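K.L.:
Quick one, structure for this:
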Amino acid sequence: MNTRTAALLERYAPPILGGILILLVWEFLPPLFHVSKLLLPPPSAVVRSLWLIYDRGLLVENFVVTLAEALFGSATAIFFAFIVTRSLIIERTLMPYLVGLQALPKVALAPLIVVWVGIGIESKILIAAIISFFPVLINAIVGFSTVEAEKIDLMRSLVATRWQQFRIVIFPNSLPFIFAGLNVAIVLSITGALVGEFIGADRGLGNLLLQLNFNMDISGMFAVLTVLALLGIVLYALVRFLHVRFVFWAKPDNLRSGSN
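P.N.:
Down below sits the predicted model:
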């Protein structure tokens, strides 16, 4: 077995084996304790419900809507975090109000946003952006403020403009922190999209969950929840891949191995 194969097994074998163990326990343990399948459907029933939902054409369209809401919400959060952190005056002016906004329960804000913006995709993007905004903002502020003074002095000695200082030194220095915020924000954006869909929507996985709940289709609800969990895992893995790809000088795995 070569080194690459061993590394892949070391990374992926534990979660795969753990998932198989969880599925086996979930499939065979509840019947031993006489737990009704109506309350806790086994994985086999969940898979059948997932195929039925897909066969009816309900899965793909609603999945794409929720995915778009989450991605656009995260992108909007990144954009506004960039705008806020580019100016120290704007940051100091808005920071107290942004902290206050973060302290507000988003479930209470969501109905107001739906009333103001409507039940379309725009309100879901806004809710997802509000929920995922703060982690990106805080990490961006930390990244922009932890640049070594020697690097800035060197750029100034080379008569670099403020934009050149930001592009060459400040922004690359902040990327590990921004990606750390994105790891949290990308998952929170899914929650934000679902909150908006629960309040008022005619499409999306959140709306599908409400329909299945109204029909008391418990296995169908578990199927949609499984899809949401897989979506979160895939988006998180995508952010980590982009982290390793674009921030090659500060890979998460290298940082961990270097600290041991």
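K.L.:
Quickly find the element holding Leu40.
P.N.:
Using DSSP states H and E, Leu40 is not contained in any helix or strand.
K.L.:
Next: Gly57.
P.N.:
Judged by DSSP H and E, Gly57 forms part of no helix or strand.
K.L.:
Give me the neighbour count for it.
P.N.:
Number of residues near Gly57 (other CB atoms under 10 Å) recorded here: 9. Glycine gets a C-beta too; all of them are placed from N, C-alpha and C.
K.L.:
how about it, what does it touch?
P.N.:
Applying CB atoms under 8 Å, 6 or more residues apart in numbering to Gly57 gives no contacts.
K.L.:
Kindly provide the distance from it to Val114.
P.N.:
26 Å (CB to CB, to the nearest Å).
K.L.:
now do Glu61
P.N.:
Computed as CB to CB, the Glu61 to Val114 distance reads 20 Å.
K.L.:
out of these two, which sits in the busier spot?
P.N.:
For Glu61 versus Val114, the count of surrounding residues by other CB under 10 Å is larger for Val114: 23 against 11.
K.L.:
which residue sits closest to the more buried one in space, ignoring its chain neighbours?
P.N.:
Distance criterion CB to CB, 6 or more residues apart in numbering; nearest residue to Val114, sequence neighbours excluded, is Gly200 at 4.5 Å.
K.L.:
Same question for Ala70.
P.N.:
Ser189 (4.2 Å).
K.L.:
now swap in Phe72 and tell me
P.N.:
Phe72 sits nearest to Ile125 (CB to CB, 6+ apart), 4.6 Å away.
K.L.:
For whatever helix or strand that neighbour lives in, name the packing helices and strands.
P.N.:
Assigned by DSSP H and E, Ile125 belongs to helix 121-145. Contacting helix 121-145 under the criterion 3 or more CB pairs under 8 Å, 6 or more residues apart in numbering; DSSP states H and E are the following elements: helix 59-85, helix 88-103, helix 106-117, helix 171-199.
K.L.:
give me the low-pLDDT residue ranges for this structure?
P.N.:
Counting by pLDDT under 70, the ranges of the chain that qualify are 1-2, 250-260.
K.L.:
Three-state assignment for Arg203, please.
P.N.:
Arg203 carries the three-state label coil when classified by DSSP: H, G, I helix; E, B strand; the rest coil.
K.L.:
quick one: it and Val60 touch, right?
P.N.:
No. Counting by CB atoms under 8 Å, Arg203 sits too far from Val60 to count as a contact (11.5 Å).
K.L.:
which of those two has more neighbours?
P.N.:
Arg203 (18 against 10).
K.L.:
residues contacting that one?
P.N.:
When contacts are counted by CB under 8 Å, 6+ apart, Arg203 touches 61-62, 65, 197.
K.L.:
Okay then, goodbye and thanks.
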